[in-house]
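Undergrad: build me a model:
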Amino acid sequence: MQISGEVHRPGNYLASGMTGLVELLEQAGGITPLASERRIRIVERASGRLIRTVDLDRFLYLGDRIQNPSLFPNGAVMVPTSAKRLEVGGEAGRPGKYEIVAGDTLGLILQMAGGLTS
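TA: Got it, this is the predicted structure:
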């Protein structure tokens, strides 16, 4: 499995049908601070055909397991650079910077940020 883009160690890694995206990203040293966590592309290596786009934040913050797919050996993963981020501070459960993609609502970003504290 080839991984490129905003990861610390781009290159080729072994992947079986049981290897998940998060595991592959860990093998590649993790993502860089510039990485888009919400627009990771999985493509067929030979044709370059897009298989799917993954929103890793939905897996990490919301538990959406579909966003950590099992990978196939003849595929490739491309981690692009993040386009836009919104900083959530104050009384948020997890203050920090969150990437924004088309269709996001403030409610979704606050949900990823752990909601509001009392």
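Undergrad: who touches residue 11 in this structure?
TA: For residue 11, the contact set (Cβ atoms under 8 Å, 6 or more residues apart in numbering) comprises 2-3, 28. Where C-beta positions appear, they are placed from N, C-alpha and C, glycine not excepted.
Undergrad: now it, which residues is it bridged with?
TA: The partner list for residue 11 in beta bridges (DSSP bridges) reads residue 3.
Undergrad: before we move on, what about residue 99?
TA: residue 85.
Undergrad: show me where this protein has its helices.
TA: For the chain, the helices defined by DSSP state H cover 21-27, 56-62, 106-112.
Undergrad: ok, which of these comes nearest residue 71?
TA: helix 21-27 (6.0 Å; Cβ to Cβ).
Undergrad: that closest one: how far from the chain's middle?
TA: Here helix 21-27 is found 10 Å from its chain centre; the criterion is Cα atoms, centre = their mean, to the nearest Å.
Undergrad: cool, and stretch 29-49?
TA: 8 Å.
Undergrad: buried stuff in that stretch?
TA: 31, 35-43 (16 or more other Cβ atoms under 10 Å).
Undergrad: how about the residues you listed in CSV, adding pLDDT?
TA: Formatted as CSV, the buried residues of stretch 29-49 follow (pLDDT from 0 to 100):
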residue, pLDDT
31, 96
35, 95
36, 95
37, 94
38, 94
39, 96
40, 97
41, 97
42, 95
43, 95
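Undergrad: ok, now which ones touch residue 16?
TA: Neighbouring residues of residue 16 by Cβ under 8 Å, 6+ apart: residue 73.
Undergrad: for it, give me the pLDDT.
TA: On the pLDDT scale, residue 16 is placed at 75.
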